[in-house]
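In: this is a predicted model, with the sequence first.
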Amino acid sequence: MARNKATGRRQQKPQHNTGQPGLIISHYGVAVLVRFDNGDEQPVKVKRNSDHVVGDRVMVIGERVTSLARRNALRRRDPFGKVRTLAANLDLLGIVVAVRPQTPDGFIERVVVAARAADIEPVLIVNKQDLPGSADFDSQLQRDFPAMVRLSVSAKQGDGLEHLRHKLAGAGRSALVGVSGSGKSSLLNALCPGIELETGALNEEEHGCHTTSVSTLLALPTGGELVDTPGFRDFSPVDVSSEDLAHWFPGVMSVLEEQSCRFRNCRHRQEPGCCIKQAVDQGTFSEERYQLYLNTLQELEQLETARNEGRKNPFCR
Ligand code: GDP
Ligand code: ZN
């Protein structure tokens, strides 16, 4: 029986007639690699815009692959309004940030909202601890996201990787997101020696390409599984309503756990008796982060209006 060059595993001959359950472990754009429960693997062609993603449980019948029900999926809206599914059936989402390159304002908040709404635990991975300015950056993140698990690491020098390995091993299936250049490939290389992903990715928007275009599920030698995903500079949550936003938004949620607004359906804008607005006025919730909440709220409301009017993209009238 033939073997897959990358994994060394036995490769399954296409089965006809009977369906076989398996898991998508790689996505090549026009094909996926399915691992069956007995360990055999089979590449299957898929349509380029099919919604199959790494982490999907599937049924393979002959040359056809059908996704089974998902526990969750991480989805984002790209700058053109198109919904992109990144991975399915995740337990943990590592948000990789570094002092350089800068992560755009609001990126972390939006990823956290998307993860929490999908019942995936978001964890901040603060990479490049060896760079000057890292300690201040780390303290700022601690102030802004006090309720989040934060792991400080250096993929280059190995600091903090033991903690990260431990967290990933205990989580189950994880994925890393972050802007290009934050160090996702370097972390994957450090966690999974031998995979040798190319690092120093070109910026996706600037050059129209990135090094990690193929998504793969990696089994970590120290336990747990990790999906690599491409880098991107924006992250708009998909499966969150404007009404639910406050519930998932970092900082807002912490205030609401302690206090409540006068109106149950308060959107925390100008409503009287709003405890979020009060927290901003008293300086316990920063004006800057409140503004990020309002921006995201407005964006979600625009999407909802567009959807109600039957438009796919709110930015095209
Ligand atoms: P990705 O685009 O998120 O996959 O980022 P890469 O892993 O390709 O890393 C981008 C650049 O940052 C590369 O030049 C890496 O060598 C560098 N880099 C990654 N991790 C570290 C780190 O911990 N410290 C330092 N100083 N540089 C790092
Ligand atoms: Zn309110």
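Out: Arrived safely, thanks for sending. Residues are numbered from 1 along each chain as shown. Ligands and ions are numbered 1, 2, ... in the order given.
In: can you pull out the helices in this structure?
Out: When assigned using DSSP state H, the helices of the chain occupy the ranges 107-117, 134-144, 161-171, 184-191, 204-207, 245-248, 252-258, 275-281, 287-308.
In: how about TSV for these, with mean neighbour count and distance to residue 235 added?
Out: Backbone N, C-alpha and C define where each C-beta goes, glycine included. Below are the helices of the chain laid out as TSV (neighbours: other C-beta atoms under 10 Å; distance: least, C-beta to C-beta, whole Å):
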stretch	mean neighbour count	distance to residue 235
helix 107-117	23	5
helix 134-144	14	16
helix 161-171	17	20
helix 184-191	22	14
helix 204-207	12	13
helix 245-248	20	13
helix 252-258	16	18
helix 275-281	18	22
helix 287-308	16	10
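In: hey, least reliable of those by pLDDT?
Out: Lowest mean pLDDT within the helices of the chain: helix 204-207, a mean of 37.
In: what are the ranges of the strands in this protein?
Out: If you assign secondary structure with DSSP state E, the strands in the chain sit at 19-27, 31-36, 41-45, 57-61, 64-67, 73-77, 83-88, 92-98, 121-127, 149-152, 173-177, 215-219, 225-228, 236-237.
In: so which of the helices of the chain gets nearest ligand 1?
Out: Between ligand 1 and these, the tightest spacing by C-beta to the nearest ligand atom is seen for helix 184-191, at 3.3 Å.
In: list the contacts of residue 88.
Out: Going by C-beta atoms under 8 Å, 6 or more residues apart in numbering, residue 88 touches 53-56, 67, 70-74.
In: picking that back up, ok, which of the strands of the chain comes nearest residue 294?
Out: Comparison of the strands of the chain against residue 294 by C-beta to C-beta identifies strand 236-237 as nearest, at 15.1 Å.
In: got a list of contacts for that closest one?
Out: Everything outside strand 236-237 that qualifies as a contact, by C-beta under 8 Å, 6+ apart, is 75-78, 110, 113-114, 117, 296, 299-300.
In: so which of those residues would count as near ligand 1 as well?
Out: Residues of the contacts of strand 236-237 in contact with ligand 1 (C-beta under 6 Å from any ligand atom): none.
In: show me which pair in the residues you listed is furthest apart.
Out: Looking at the contacts of strand 236-237 by C-beta to C-beta, the two members farthest from one another are 78 and 117, with 18.0 Å of separation.
In: residue in the stretch 1-150 of the chain nearest to ligand 2?
Out: With C-beta to the ion as the measure, the residue in the stretch 1-150 of the chain that lies nearest ligand 2 is residue 113; the distance is 17.0 Å.
In: would you confirm that that residue contacts residue 251?
Out: No - contact between residue 113 and residue 251 fails when scored by C-beta atoms under 8 Å: they sit 11.3 Å apart.
In: possible to save the strands of the chain as JSON lines with mean pLDDT and distance to residue 135?
Out: Output for the strands of the chain, formatted as JSON lines (pLDDT from 0 to 100; distance: least, C-beta to C-beta, whole Å):
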{"stretch": "strand 19-27", "mean pLDDT": "94", "distance to residue 135": "38"}
{"stretch": "strand 31-36", "mean pLDDT": "94", "distance to residue 135": "42"}
{"stretch": "strand 41-45", "mean pLDDT": "94", "distance to residue 135": "45"}
{"stretch": "strand 57-61", "mean pLDDT": "96", "distance to residue 135": "43"}
{"stretch": "strand 64-67", "mean pLDDT": "93", "distance to residue 135": "44"}
{"stretch": "strand 73-77", "mean pLDDT": "91", "distance to residue 135": "31"}
{"stretch": "strand 83-88", "mean pLDDT": "92", "distance to residue 135": "31"}
{"stretch": "strand 92-98", "mean pLDDT": "97", "distance to residue 135": "13"}
{"stretch": "strand 121-127", "mean pLDDT": "98", "distance to residue 135": "10"}
{"stretch": "strand 149-152", "mean pLDDT": "98", "distance to residue 135": "9"}
{"stretch": "strand 173-177", "mean pLDDT": "95", "distance to residue 135": "23"}
{"stretch": "strand 215-219", "mean pLDDT": "90", "distance to residue 135": "31"}
{"stretch": "strand 225-228", "mean pLDDT": "92", "distance to residue 135": "27"}
{"stretch": "strand 236-237", "mean pLDDT": "86", "distance to residue 135": "31"}
